[in-house]
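Undergrad: This is a predicted model, with the sequence first.
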Amino acid sequence: MTDDAPEPGRDAPDHSQGPGVHHRHAVPEGGASRADRFLADVIGTMSRSRVKALMEAGCVLLDGTPLREPAQTLRAGSIVDLIEPPSAPARPAGEEIPLPILYEDRDLIVLDKPAGLVAHPAPGNETGTLVNALIAHCGDSLEGIGGERRPGIVHRLDKDTSGLMVVAKTPLAHQALSDAFAARDIDRAYLALAWGAITPTSGEFDGPIGRDPRDRKRMTVVKSGGKTALTRYRVLRISHAATSLIECRLATGRTHQIRVHLSQAGHPLLGDPVYLRRIPAAARALPEPARAAALDFPRQALHAARLGFVHPRTGKPLLFETAPPADFRTLESAISDGIGTDC
C-alpha cells in the first residue's frame with residue numbers, strides 16, 4: 001500500500017479538489033459486491049440513490065477513471081474517489097441572459113426558448129438556466145411563485161428542444177396555468193423531423209411510459225407500472241422516403257413523450273442523443289450532402305411550435321405560434337431539396 005492511500009474502508013476527507021468534500025476509499029481485501037453499496041456503507045451519511053446520482057454526474061472515480069455504473073464490482077486495493085459538490089444556494093441567482101419574449105403582462109410571460117437553454121437549475125446545470133434569466137428580468141416579484149428552485153415554471157421543455165413556453169409571474173397565474181396543464185386544457189403542437197416514411201400519415205402513438213430499467217436516463221414504453229401516454233400526429237412532408245416532417249399534439253405530457261413514442265415506433269427523431277443509438281437504415285436513401293446534414297445534426301429535431309391557453313385573469317384565449325429556429329429550418333431544407341412530398 002502506498003503512503004498516500006487511505007486505510008481500507010476508511011474515509012479520508014480532502015479539500016484539495018476545490019469546493020465540496022472529497023472522499024477517498026481503498027477497497028478492502030475481498031473486494032465489494034457493488035460500487036454504490038460500498039460507497040454508501042463506508043461514507044455512512046449518503047444514500048445509494050445519492051451515490052448513483054453523483055456517479056451519473058461524473059463525481060465518482062475508480063482508480064482515476066470515471067465510474068458511472070452503480071452495480072460494478074470493485075476489486076480489492078482499488079481506490080475510489082467521490083467528490084461531493086457543494087450545496088447549491090436554495091434560491092437561484094439572477095443572470096443577465098437574453099430572453100426572446102413574445103408577450104408579457106402583469107401575470108405571465110410567453111417566450112420562444114432557444115435550444116440549449118435548461119428550464120431550471122438541476123445537478124450539472126446550476127446556472128445559466130431560464131430561471132436565472134427570469135429572476136434577473138423580473139426581480140424579486142418572482143419570489144415564492146411556485147417554489148424557490150423553479151419560480152414561475154409551470155411546464156418545461158427539454159434542454160435541446162426549442163419553442164414556446166409560458167411562465168407565471170403571479171400566484172394567480174401559477175395556479176391557473178398549473179391546473180390547465182394538469183387537465184390537458186392547453187393547445188400544444190410540436191414540429192419534429194423523424195427518420196423514415198411514417199405510415200399512415202396521421203394517427204396516434206399510444207403506450208404507457210416509464211423509466212427504462214436498463215438505463216435510468218432513458219424513458220421507454222413499458223408493459224406495467226408506466227403512466228398513460230397518447231401522442232397524436234400528422235405527417236406534413238416526406239422526403240426521399242427517408243425522413244418525415246410531422247406535427248405532434250400531446251393528449252398527455254410525459255417526460256420525453258414524443259421522443260419515446262417515435263423511437264418505439266421505429267422513427268426516432270433526427271439528432272436525438274438519447275433515443276437514436278445507431279445510423280438508421282432510412283439514411284441510405286438520402287443523397288449527399290443531405291445525409292451528412294441529417295446524421296450530424298447535434299440535437300433532437302423538435303420544436304414547440306404552438307401554445308394556446310386561457311388567460312388566468314382576463315379569461316380571454318391566447319394563441320402563439322413560432323417557426324422552428326434556423327438550424328431546424330436549414331436541416332429541413334437540406335433534406336427536402338425540393339424533392340419531398342407534401343402529405
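TA: Thanks, I have the structure now.

Undergrad: Show me the shaky parts of the stretch 1-150 of the chain.
TA: Residue ranges of the stretch 1-150 of the chain with pLDDT under 70: 1-20, 31-32, 87-90, 123, 143-144, 147-149.

Undergrad: For it, just list every one of the helices.
TA: Shown for the stretch 1-150 of the chain, the helices assigned by DSSP state H, counting those that start in this stretch span residues 35-43, 48-56, 130-138.

Undergrad: Put together TSV for those, with mean neighbour count on each row.
TA: No exception for glycine: its C-beta is placed from N, CA and C like everyone else's. Listed next are those as TSV, based on neighbours: other Cβ atoms under 10 Å:
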stretch	mean neighbour count
helix 35-43	21
helix 48-56	18
helix 130-138	22
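
Undergrad: In JSON lines: these, plus distance to residue 109.
TA: Output for these, formatted as JSON lines (distance: least, Cβ to Cβ, whole Å):
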{"stretch": "helix 35-43", "distance to residue 109": "41"}
{"stretch": "helix 48-56", "distance to residue 109": "31"}
{"stretch": "helix 130-138", "distance to residue 109": "7"}
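
Undergrad: So which of the ones you listed is nearest residue 214?
TA: helix 48-56 (14.3 Å; Cβ to Cβ).

Undergrad: Please state the offset of that closest one from the chain centre?
TA: How far helix 48-56 lies from its chain's middle: 18 Å, per Cα atoms, centre = their mean, to the nearest Å.

Undergrad: Over to stretch 218-229?
TA: With Cα atoms, centre = their mean, you get 17 Å for stretch 218-229.

Undergrad: number of nearby residues for residue 325?
TA: 16 (other Cβ atoms under 10 Å).

Undergrad: got it, and the one 3 residues further on?
TA: Other residues within reach of residue 328, judged by other Cβ under 10 Å, total 24.

Undergrad: what helices or strands is the helix or strand encompassing it leaning on?
TA: Following DSSP states H and E, one finds residue 328 within helix 326-336. Judged by 3 or more Cβ pairs under 8 Å, 6 or more residues apart in numbering; DSSP states H and E, the packing partners of helix 326-336 are strand 187-195, strand 230-239, strand 243-250, helix 290-295.

Undergrad: tilt between that helix and strand 187-195?
TA: Orientation of helix 326-336 against strand 187-195 (axes from the mean of the first three to the mean of the last three Cα atoms, to 10 degrees) gives an angle of 50 degrees.

Undergrad: Buried residues, helix 326-336. List them.
TA: 328, 331, 332, 334, 335, 336 (16 or more other Cβ atoms under 10 Å).
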